[in-house]
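# Got a predicted model here, sequence first, then my questions.
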Amino acid sequence: MTSDEALVAYTLRLADNALVLSQRMLETVAAEPELEEELAHANFALDFIGQARMLYTQAGELEGQGRSEDDLAFMRDENEFRNLLLLEQPNGHFGDALVRQFLFEAFYLHLLEALTRCTDEGLSAIAVRALKEVQYHFRHSSQWMIRLGDGTELSHARVQASLNNAWRYTGEMFVADEIDLAIQENHGGPDLASIQKLWRRDVEKTVAEATLTLPDDEWMASGGKQGQHSEHFGFLIAEMQYLQRSFPGATW
Amino acid sequence: MVTAKLDKATVHEWLEKVLDPEVPALSIVDLGIVRDVEIDPEDTVTVTLTPTYSGCPATEAIETSVVNALKKRGVGAVSIKRVLSPPWTTDWITDSGREKLRRYGIAPPSPSLDIACPQCESLDTERVSEFGSTACKASWRCRECLEPFEYFKCL
């Protein structure tokens, strides 16, 4: 794999993460328990779509095969997506969706922060912009973790169960493969082992404040970064890609 | 048709009339997203714009408005350059832009948490929600005059 190929693959992973999470978040619009969360999720999902668009555009330009952001988002098959398994998991109840958001953002925040210092100008510019947005998201998801964890007996028990269920999808974030290593070596990209320490510190702090218990590190699922997805993912992209698949090249 | 040679100041004046579709009190110049105007010897105008938020839905609408505004005044060729770095910050909103926001009823971004009510200027205000009608605004209320208002978030 050349240095440029690794950069394309890496940029696509970031784009896929942002797009898949935004797709899941948008499924909850008009189904939130209160108006404020309705606005919050729509706002946050929009930030992720914006990040995905910039990343896809950049990956397409770097790849040099004339693929646009839409081609990359809507015309690739399931096994060509490289998002984390955590992000494609179904929304479940409010606590499930919140825990997914919280665990990912605690990671994404530090990843972006490290990417602001990478030597690829395009990637660092997007990271600077996205970092400010995600700091704001993370504040929000942390507050909700505390509110539910340190809330009623029922909310505590339910969000603890959500945390236990989601935990098995967190290991994959920190397993560096040849693409991660290539970005680290050639472009001064993030070191996932250091990111894991920062992630753990932040997650532990909020989980403790929320009076929740951190699950044990047992078996961890992996495969999303290599295109091996959970059974939920096919349904997600079938819905997301329906229009472009039925009417290729449709615009408005 | 434009007969006299185009100059940057004129193009800038025209751009001052292109409004932000989400906050129509502000022009794109007030918002600080016009980073550069270049005119080549063939009178092709290149306008460099920096988007506000990553997912700002107004980005494309603004680019189209710029092209239309300049073509309407007879500019033959307009090209838009989108530049991400350095990223836009609310610090780039001009002083007159801040004043326009206030008169429109939106509290301008402020690094401190003393947000003055755009109606009565009281500092006795409180945040109702971190979210508002667009991604860039939060909902606030004045405890003095009791009016709800929007606050343009600091970014």
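Received, thanks. Bear in mind the structure is a predicted one, so any value in this text is a computation, not a measurement. Numbering: from 1, shown residues only, chains lettered A, B, ... in the order given.

# Near chain A, which residues of chain B are found?
Taking C-beta under 8 Å from any C-beta of the partner chain as the contact definition, chain B meets chain A at B:51, B:53-57, B:84-88, B:129-132, B:135, B:155. Using the backbone N, CA and C atoms, a C-beta is placed for each residue, glycine as well.

# So whatever residue of the stretch 51-200 of chain A ends up closest to chain B: helix, strand or coil?
Shortest the stretch 51-200 of chain A-to-chain B distance, computed as C-beta to the nearest C-beta: residue-wise this is residue A:125, at 3.5 Å. Three-state call for residue A:125 (DSSP: H, G, I helix; E, B strand; the rest coil): helix.

# Contacts only, for it.
B:84-87 (C-beta atoms under 8 Å, 6 or more residues apart in numbering or on different chains).

# now the residues of chain B next to chain A: which count as buried?
B:51, B:53-56, B:84, B:87-88, B:130-132, B:135, B:155 (16 or more other C-beta atoms under 10 Å in any protein chain shown).

# Quick check: of those residues, which lies closest to residue A:184?
residue B:84 (22.6 Å; C-beta to C-beta).

# Could you check how far residue B:7 is from chain A?
31 Å (C-beta to the nearest C-beta, to the nearest Å).

# For that residue, give me phi and psi.
Here the main-chain torsion angles of residue B:7 (degrees, to the nearest 10) amount to phi -130, psi 160.

# which residues sit in contact with the closest residue to it other than its chain neighbours?
Leaving aside its sequence neighbours, residue B:7 sits nearest to residue B:39 (C-beta to C-beta, 6 or more residues apart in numbering or on different chains; 7.3 Å). The contact partners of residue B:39, by C-beta under 8 Å, 6+ apart, come to B:6-8, B:11, B:45-46.

# Selecting buried members of those residues in ChimeraX, what would you type?
Applying 16+ other C-beta under 10 Å to the contacts of residue B:39, the buried members can be selected in ChimeraX as follows:
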select /B:6,11,45
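
# Show me the contacts of residue B:39 that map onto helices.
Residues of these located in helices (DSSP state H): B:8, B:11.

# Closest one of the contacts of residue B:39 to residue A:37?
Closest approach to residue A:37 among the contacts of residue B:39 (C-beta to C-beta): residue B:46, at 42.4 Å.

# so where does residue B:81 fall, helix or strand?
Mapping residue B:81 onto the secondary structure by DSSP states H and E places it in strand B:78-82.

# does any bit of stretch A:175-195 sit next to chain B?
No: Stretch A:175-195 lies apart from chain B when judged by C-beta under 8 Å from any C-beta; the minimum separation is 15.5 Å.

# Span of that stretch from start to end?
Chord length of stretch A:175-195, first to last residue, is 11 Å (C-alpha to C-alpha, to the nearest Å).

# now swap in stretch A:213-227 and tell me
Length of stretch A:213-227, first residue to last, C-alpha to C-alpha: 31 Å.

# And stretch B:7-21, by the same measure?
For stretch B:7-21, the separation between the terminal residues is 26 Å (C-alpha to C-alpha).

# tell me the contacts of residue A:49?
With contacts defined as C-beta under 8 Å, 6+ apart, the neighbours of residue A:49 are A:18-19, A:22, B:55.

# so the closest residue to chain B within the stretch 1-150 of chain A is in which element?
Across the stretch 1-150 of chain A, no residue is closer to chain B than residue A:50, which sits at 2.7 Å (C-beta to the nearest C-beta). Per DSSP H and E, residue A:50 falls inside helix A:35-63.

# Next, the angle from that helix to strand B:78-82.
110 degrees (axes from the mean of the first three to the mean of the last three C-alpha atoms, to 10 degrees).

# What is the burial count for the nearest residue to residue A:81 once chain neighbours are set aside?
Spatially, and ignoring its direct neighbours in sequence, residue A:81 is nearest to residue A:16 (5.0 Å; C-beta to C-beta, 6+ apart). Residues lying near residue A:16 (other C-beta atoms under 10 Å in any protein chain shown) number 27.

# Find the residue ranges of chain B scoring beneath the pLDDT cut-off.
Residues of chain B meeting the criterion pLDDT under 70: B:1-4.

# domains of it?
B:8-90, B:105-152 (automatic domain parsing).

# show me what contacts the nearest residue to residue B:49 once chain neighbours are set aside?
The shortest distance from residue B:49 to any residue other than its chain neighbours is 5.3 Å, reached at residue B:33 (C-beta to C-beta, 6+ apart). By C-beta under 8 Å, 6+ apart, the contact set of residue B:33 is B:49-52, B:62, B:88, B:92.

# any residues touching stretch B:116-124, and which ones?
For stretch B:116-124, contacts defined as C-beta under 8 Å, 6+ apart pick out B:101-107, B:114-115, B:125, B:140, B:142-145, B:147, B:149.

# ok, of those, which come out buried?
B:101-102, B:106-107, B:115, B:125, B:140, B:142, B:149.

# Quick check: helices, which of those residues are part of them?
B:101-102.

# Return the set of residues that bridge with residue B:140.
residue B:127, residue B:149 (DSSP bridges).

# was I right about it contacting residue B:146?
No: here residue B:140 does not reach residue B:146: they are 11.9 Å apart, not a contact under C-beta atoms under 8 Å.

# gap between the residue nearest the centre of chain B and chain A?
Nearest to the geometric centre of chain B sits residue B:31, at 2.6 Å (C-alpha atoms, centre = their mean). According to C-beta to the nearest C-beta, residue B:31 stands 16 Å off from chain A.
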